[in-house]
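*Asks:* show me how the following folds:
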Amino acid sequence: MKQPVEQLTIPPGKKAYFSSDNHLGAPNAEASKPRELKFLAWLNTIERDAAAIFLLGDLFDFWFEYKTVVPKGFVRVLGKLAQLRDSGIPIYFFVGNHDLWMQDYFETELNIPVFHKPQLFQLNDKRLFIGHGDGLGPGDKGYKRMKKVFKSPVFQWLFRWVHPDIGVRVAQYLSVKNKLISGDDDHVFLGEENEWLATYAKRKLESAHYDYFIFGHRHLPMRIEVGEQSSYFNLGDWIIHYTYGVFDGSDFELKEFHT
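*Replies:* Coordinates of the predicted model:
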């Protein structure tokens, strides 16, 4: 079945911006605050020429939506995203492995669509395959099995019966300590032939053409040519690298944010 395409025009003088892996709240609120403020400064900077903003997951180190409760904190970021969206800038959110329990809060409160799987976007005449990146490609079988458990309606229903003060605290601890939640991701460059998201991109090219594959999750800014006219980009993170992606209507590049 042919994958649906989200189409978006980037006018002259405007740009689409991409970021991933902020992990706000980790390892604790106090240590996370300077990174949150730096991300807010970036949002303020790109506001003047942003035609669209893509957030590729793990914005929070943990997120779970109870029926009437969401995790405490992140008010400045949520408020800024609401302000950007209200000003008419489209924002797209792709859930990562740390915020995979996101449901409809962003959609109902912020008018930001949430994608739970990678999505094909056509920006002007370029085809961009966009997602967080967890669970794609070969290997990491333990995490893939655990993700199926976490995504099951039964597990989520059971977790909602745990009081938020307990459930959030336990989940935050596991989010930092448990590799089955984080995935097999040591943030070390594996070489172009061994980077599993690049391998995944090459396999996708066997059935269709994509100009750019844009992922997060690896926490390493990188560009790998996966075809004659196709490139895989990883956006890096907002913990060590403070890197982001920019599409100017014809070309994609990685940049580092400096305050």
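*Asks:* from here on, just use CA atoms for contacts and neighbour counts.
*Replies:* Fine.
*Asks:* okay, and the helix or strand of this protein with the least pLDDT?
*Replies:* Lowest on mean pLDDT, DSSP states H and E among the helices and strands of the chain sits helix 179-182, with a mean of 48.
*Asks:* where along the stretch 101-250 of the chain do the helices fall?
*Replies:* Remark: helices assigned in the stretch 101-250 of the chain by DSSP state H, counting those that start in this stretch are 105, 141-151, 153-160, 164-177, 179-182, 196-205.
*Asks:* which helices and strands does the helix or strand containing Arg85 pack with?
*Replies:* Per DSSP states H and E, Arg85 falls inside helix 75-86. For helix 75-86, the elements it packs on are helix 29-46, judged by 3 or more CA pairs under 8 Å, 6 or more residues apart in numbering; DSSP states H and E.
*Asks:* which SSE is immediately downstream of the helix it packs on?
*Replies:* Helix 29-46 is succeeded, C-terminally, by strand 50-55 (DSSP H and E).
*Asks:* would you agree Ile130 is in contact with Gln119?
*Replies:* Yes: using CA atoms under 8 Å, Ile130 is in contact with Gln119, at 5.3 Å.
*Asks:* out of these two, which sits in the more crowded spot?
*Replies:* Legend: neighbour count by other CA atoms under 10 Å for Ile130 and Gln119, higher for Ile130 (23 against 16).
*Asks:* show me what the closest residue to the more buried one other than its chain neighbours is bridged to.
*Replies:* Among residues not flanking Ile130 along the chain, Ile214 sits closest, at 4.9 Å (CA to CA, 6 or more residues apart in numbering). Following DSSP bridges, Ile214 is listed with bridge partners Ile130, Phe233.
*Asks:* how many neighbours does Ile214 have?
*Replies:* Residues lying near Ile214 (other CA under 10 Å) number 25.
*Asks:* report pLDDT for it.
*Replies:* Listed pLDDT for Ile214 reads 98.
*Asks:* residue contacts, the closest residue to Ile239 other than its chain neighbours?
*Replies:* Distance criterion CA to CA, 6+ apart; nearest residue to Ile239, sequence neighbours excluded, is Asn22 at 6.4 Å. Neighbour list for Asn22: 35-36, 58-61, 237-239 [criterion: CA atoms under 8 Å, 6 or more residues apart in numbering].
*Asks:* and for Ile130 and Gln119, which residues touch both?
*Replies:* Contact criterion CA under 8 Å, 6+ apart; residues shared by Ile130 and Gln119: none found.
*Asks:* ok so, going back, can you tell me the SS state at the residue nearest to Ile239?
*Replies:* Of the three states, Asn22 takes coil under DSSP: H, G, I helix; E, B strand; the rest coil.
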